[in-house]
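Undergrad: This is a predicted model, with the sequence first.
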Amino acid sequence: MSDVNDRDTGKTTTRRMTKRVVQLVLLVGTAVSLWFVPWVLVWAWLRPLPATLQEQADQAVDLGFSGVVVCVDQRNGPPAFTTAGWHDRERGIPARGDAYFKIASISKLYTAVVITKLVAEGRLSLNGTLAEYLPELTGRIEHAGDITLRMLVQHRSGIPNYTDTPDFWAHPGETVQEDLELVLDRPADFAPDQRHAYCNTNYLLLDRIIERTTGHGRFQAIQERILTPLQLRHTFASVKDVDIGDVMSGHHEGHDADLKTDDIGMVATAADVCAFLRALNTGTLLTPEERKIYSSIYEYEHAGWVPGYESFAKYYADLDAVMVTFYSTTDRDLIKWNLAEILNARFARIIGRERSAKDG
């Protein structure tokens, strides 16, 4: 009996020692990890959650964003706006909920919807190849005969990403063709459909396919199939199409100039993006047939980045709420991007807490 007790005691002691060793290893690992994590991210994550969206937006400015716009579209009510910081810092104009903002890659959602509708109309096929739709690129883009429309939409083409070209954002091309030339005649990053790699070239090519198929530009197709049906009047192809004073200033750390006049893609108000995302997720934007197609090829939320502008659009099904956030400061190391993602999660927690209090 004594031997059994001794063995049990030994096992217990061993387990305790093992547990302590594991805890020590985890503690050391955490400490080492934190050593390499910018402290602004740790601080943003660990701070007590504020009571209101406004307090959280003010904290975002304290953490280094020039301006912040938060739009929340909840069921059975108009969108609500929270702003902090500056619309135009140099002119002393506070952040505006109705500001135009460069939505960058959020526009890929609009492109994916147009592709979906053209497929449903029988004008495109998801199995059609790049060589079929843009035959002039055969021999200039590797595997053009094997890359399908579906692969382009899903970022599974293997085509190099033109925005990864060294110093691209310092000297972007002035035309779509100049951007495309950056990747023509280059070897593929991988064989078609072998893996996923986010690639802006895919959507540049999709824009050209839309133009070739419809006979006019992508944005006109977006207007006809999305903006007009949803009565969205504050979404445009370019900063050149709006009063530049209504565009929120954009700042990139280490760069003194206001980047608002740089013509890089679509601009929209947060309210328009909210309305689009709600219609995409829950509304009448897609027919049942189109929804089946869309669900098979792309996602229902997105984020975007261009110098000076970070944008995020997400639908929270459990809250039946859309949240769109705009942050008007970027940096080279994407610390601001990671910080924005932390802040987005905190905004969502506050929304959820407010909803629970209201419903309870």
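TA: Thanks, I have the structure now.
Undergrad: Grab the nearest non-local neighbour of E181.
TA: Spatially, and ignoring its direct neighbours in sequence, E181 is nearest to G173 (7.5 Å; C-beta to C-beta, 6 or more residues apart in numbering). C-betas here are computed from N, CA, C, even on glycine.
Undergrad: how far away is G304 from D146?
TA: 29 Å (C-beta to C-beta, to the nearest Å).
Undergrad: which residues of this protein fall in strands?
TA: With DSSP state E as the criterion, the chain has strands at 67-74, 80-88, 93-94, 101-102, 235-236, 251-252, 267-268, 302-306, 309-316, 321-327, 329-330.
Undergrad: circling back to that earlier point, for the residue nearest to E181, give me its contacts.
TA: By C-beta atoms under 8 Å, 6 or more residues apart in numbering, the residues touching G173 are 162, 179, 181-182.
Undergrad: got the residues you listed as a markdown table, with pLDDT columns?
TA: Below are these laid out as a markdown table (pLDDT from 0 to 100):
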| residue | pLDDT |
| --- | --- |
| Y162 | 96 |
| D179 | 93 |
| E181 | 95 |
| L182 | 95 |
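Undergrad: Can you turn the buried subset of the residues you listed into a selection I can paste into ChimeraX?
TA: The command below creates a ChimeraX selection of those among the contacts of G173 that count as buried (16 or more other C-beta atoms under 10 Å):
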select :162,179,182
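Undergrad: Return the closest of the contacts of G173 with respect to N200.
TA: Among the contacts of G173, Y162 lies closest to N200 (C-beta to C-beta), at 6.2 Å.
Undergrad: Next, the contact list for that closest one, please.
TA: 168, 173, 179-180, 182-183, 200-201, 204.
Undergrad: Isn't Q59 up against P48?
TA: No. Assessed by C-beta atoms under 8 Å, Q59 is found out of contact with P48, at 10.4 Å.
Undergrad: Comparing those two, which residue is more hemmed in?
TA: Neighbour count, other C-beta atoms under 10 Å: between Q59 and P48, Q59 has more, with 18 against 5.
Undergrad: what separates that one from I350, distance-wise?
TA: 11 Å.
Undergrad: Pull up the overlap in contacts between the two.
TA: Joint contacts of Q59 and I350 (C-beta under 8 Å, 6+ apart) are P50.
Undergrad: Break the protein down into its structural domains.
TA: According to automatic domain parsing, the chain comprises the domains 2-36, 44-359.
Undergrad: Need the winner for burial among the ones you listed.
TA: Neighbour counts averaged per stretch over the domains of the chain are highest for domain 44-359, at a mean of 18; criterion: mean count of other C-beta atoms under 10 Å.
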